[in-house]
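>>> Show me how the following folds:
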Amino acid sequence: MTPLQNRIRDALQKHEDGMTVSQLVLTVRGSPEAIRKALARMGDSYIDRWVKEGWNFAAVHCLVAVPEDCPRP
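Predicted structure coming up:
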């Protein structure tokens, strides 16, 4: 786990309804690109839904509790 991934995980645990990348940028103080890359490498994050942000749609990321005996996909 990288320090950025740990900060993202902490933020998502506090916001159970999920957060967009732009919300995570303000919360964990990382660049959008770094946060997107970190989320892509996190096995316990997923896109829950899409919301309208300005003219575009943004993914809302959430955490899932992965069981210890869960096989890899």
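>>> outside of the helix or strand containing E33, which residues touch it?
Applying DSSP states H and E as the criterion places E33 in helix 32-41. Outside helix 32-41, the residues that touch it by Cβ atoms under 8 Å, 6 or more residues apart in numbering are 2, 4-5, 8, 21-22, 24-25, 28, 30, 45, 61. C-beta coordinates here come from the backbone N, C-alpha and C atoms, glycine included.
>>> Sort out which of the residues you listed are in strands and list them.
45, 61 (DSSP state E).
>>> In a markdown table: the contacts of helix 32-41, plus pLDDT, neighbour count and distance to A38.
Formatted as a markdown table, those follow (pLDDT from 0 to 100; neighbours: other Cβ atoms under 10 Å; distance: Cβ to Cβ, whole Å):
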| residue | pLDDT | neighbour count | distance to A38 |
| --- | --- | --- | --- |
| T2 | 93 | 12 | 7 |
| L4 | 96 | 19 | 5 |
| Q5 | 96 | 18 | 5 |
| I8 | 97 | 26 | 6 |
| V21 | 97 | 19 | 10 |
| S22 | 96 | 13 | 15 |
| L24 | 97 | 23 | 9 |
| V25 | 97 | 15 | 12 |
| V28 | 96 | 21 | 9 |
| G30 | 93 | 19 | 7 |
| S45 | 93 | 19 | 9 |
| H61 | 97 | 24 | 10 |
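>>> Mind picking the one among the contacts of helix 32-41 that's closest to K52?
Comparing the contacts of helix 32-41 against K52 with Cβ to Cβ places S22 closest, at 12.3 Å.
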